[in-house]
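Trainee: below are the sequence and a predicted model; questions follow.
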Amino acid sequence: MDLLSRDDLHRLLSTKKWASPHKKVVALVEERSGVVELVEEHARGTCLGGSAWSLYHYTKNSPCVFWSKREGVRIFYKIRQPPLNVPSKLTPSYRPASIESVVVEGAKVKVTYSGLAGAGVAALTRAMAEGVESVEVEDWGGGSKLGRATITLPRKEKLIIGVDDTDRKDEGATWSLVNEIAYNLSAEIGADYLEHAIVQLYPQNPFKTQNCVSVSVSFAVLPHQKNLVVDAFRKRLEESTLSNETGMALLQGIMVDERLTRFAKNAKLRMVSLDEALEVASSCGVALKEIRGRRGLIGALAAIPYVECPDEAVRLPGDENV
């Protein structure tokens, strides 16, 4: 077995025209549930075909994966811990690739990939991605051969932030303000900006500015970055909002409580009260932060569960036209 740094692997494969590096790989850990969320940005950040292929085969062929989605070239997998230690039984075309295991070791996460032919190449090119610290290559792969490699990633945690009510009748837009705050914080602090969702809420709300939406975003952060990101986000929201009813909600973790999901669905169907929001937030481990006023806390909380399903977030119940 060969133990290499990411730079070592880049040098070794620099003459191989078939080696197309993944852009980024991130591992998030939720200790209370034992779930790891793995986020991959496929080759060069442009390879849509590779991301579609990977979503299909790694989800189907990896017993540890219980949920997945694709957004463009980025793939999100949720993985159970402890590892199932199911032997890899790869078959050309039908079962050509697998995530064999994901193991958390202190501040590190080790992910083992295996694959046949081009899938074996992908096991190596993931190790060339931003975020990878080192790789153990068991089988180099290529051609018709098996490839197997284990990458080591820093252990990160997930922050989900919901925001509502930052604009006024004549100016502003919550979706874009939140996107700008998240984008700039990611560039300045180094936290990974992962997701953005615009959540359509009850259209008959008499307090709405116009379209009645709230917004949620998520980040992958190193444990020591959590407070820094939250405090910086809150400060910029305070400085930038145009409303006197701005609210912010914060969930630290990957898995969302079903009670919070029910609350969010209700917020699409009817008026929900601040008391309902306060009760649900308290029972589901969500911190509510008054930026200006309290009314925005309702929509901010309702946005949290939809961060991982933006296509569903924009719809009202019963709207299947898209």
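Mentor: Arrived safely, thanks for sending.
Trainee: domain-wise, how is the protein divided?
Mentor: 2-155, 165-313 (automatic domain parsing).
Trainee: what mean pLDDT does the first one get?
Mentor: Looking at domain 2-155 alone, the average pLDDT works out to 89.
Trainee: helices along the chain, start to end?
Mentor: Counting by DSSP state H, the chain has these helices, from start to end: 6-13, 48-61, 118-125, 174-189, 226-240, 258-269, 274-284, 296-303, 310-313.
Trainee: can you list the strands that the longest strand belonging to the chain pairs with?
Mentor: In the chain, with assignment by DSSP state E, the single longest strand is strand 145-164. If you go by DSSP bridges, strand 145-164 pairs up with strand 22-30 (parallel), strand 108-116 (antiparallel), strand 134-142 (antiparallel), strand 213-221 (antiparallel), strand 247-252 (antiparallel).
Trainee: picking up where we left off before, which among the helices of the chain is found nearest to L38?
Mentor: Nearest to L38, of all the helices of the chain, is helix 48-61, at 9.3 Å by Cβ to Cβ. Yep, even glycine has a C-beta here, placed from its N, CA and C like the rest.
Trainee: now the angle from that closest one to helix 118-125?
Mentor: Angle, helix 48-61 to helix 118-125, by axes from the mean of the first three to the mean of the last three Cα atoms, to 10 degrees: 100 degrees.
Trainee: dump the helices of the chain to CSV, plus distance to D319 and mean neighbour count.
Mentor: Shown next, in CSV, are the helices of the chain (distance: least, Cβ to Cβ, whole Å; neighbours: other Cβ atoms under 10 Å):
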stretch, distance to D319, mean neighbour count
helix 6-13, 45, 16
helix 48-61, 25, 18
helix 118-125, 37, 25
helix 174-189, 19, 17
helix 226-240, 30, 16
helix 258-269, 10, 17
helix 274-284, 24, 16
helix 296-303, 17, 30
helix 310-313, 10, 16
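Trainee: surely R148 is in contact with A127?
Mentor: No. Contact between R148 and A127 fails when scored by Cβ atoms under 8 Å: they sit 11.4 Å apart.
Trainee: any residues in contact with both of the two?
Mentor: V137 (Cβ atoms under 8 Å, 6 or more residues apart in numbering).
Trainee: more neighbours, these two?
Mentor: Neighbour tally, R148 and A127, criterion other Cβ atoms under 10 Å: the higher count belongs to A127, 29 against 22.
Trainee: now that one: closest residue in space, sequence neighbours ignored.
Mentor: In this structure, A127 finds its nearest non-sequential neighbour in V135, 3.6 Å apart by Cβ to Cβ, 6 or more residues apart in numbering.
Trainee: show me what the one you found bridges to in the sheet.
Mentor: L4, I151.
Trainee: which ones are touching it?
Mentor: L3, L4, S5, R6, L9, L124, A127, A149, T150, I151, T152.
Trainee: distance from stretch 116-130 to the middle of the chain?
Mentor: 21 Å (Cα atoms, centre = their mean, to the nearest Å).
Trainee: hmm, I typed the wrong one, I wanted stretch 310-321.
Mentor: Chain-centre distance of stretch 310-321: 20 Å, with Cα atoms, centre = their mean.
Trainee: and the closest residue to L250 other than its chain neighbours, what does it touch?
Mentor: Nearest non-adjacent residue to L250, counting by Cβ to Cβ, 6+ apart: A287, 4.5 Å away. Contacts here follow Cβ under 8 Å, 6+ apart; on that basis A287 touches A249, L250, L251, A281.
Trainee: right, and the third one touches A303 too?
Mentor: Translated: L251. No. In this structure L251 lies outside contact range of A303 using Cβ under 8 Å: 10.3 Å.
Trainee: what sits in contact with each of those two?
Mentor: By Cβ under 8 Å, 6+ apart, the residues touching both L251 and A303 are G162.
Trainee: from V230, how far out is I99?
Mentor: To V230, I99 is 31 Å away according to Cβ to Cβ, to the nearest Å.
Trainee: contact partners for K24?
Mentor: K24 touches V39, E40, E41, G45, A129, E130, G131, D192, counting by Cβ under 8 Å, 6+ apart.
Trainee: sorry, that was for D165
Mentor: Applying Cβ under 8 Å, 6+ apart, the residues near D165 are T174, T209, S214, T241, S243, E245, T246, G247, G293, R295, G296, G299.
Trainee: if we use 6 Å, what do you get?
Mentor: S243, E245, T246, G296 (Cβ atoms under 6 Å, 6 or more residues apart in numbering).
Trainee: perfect, I'm done here.
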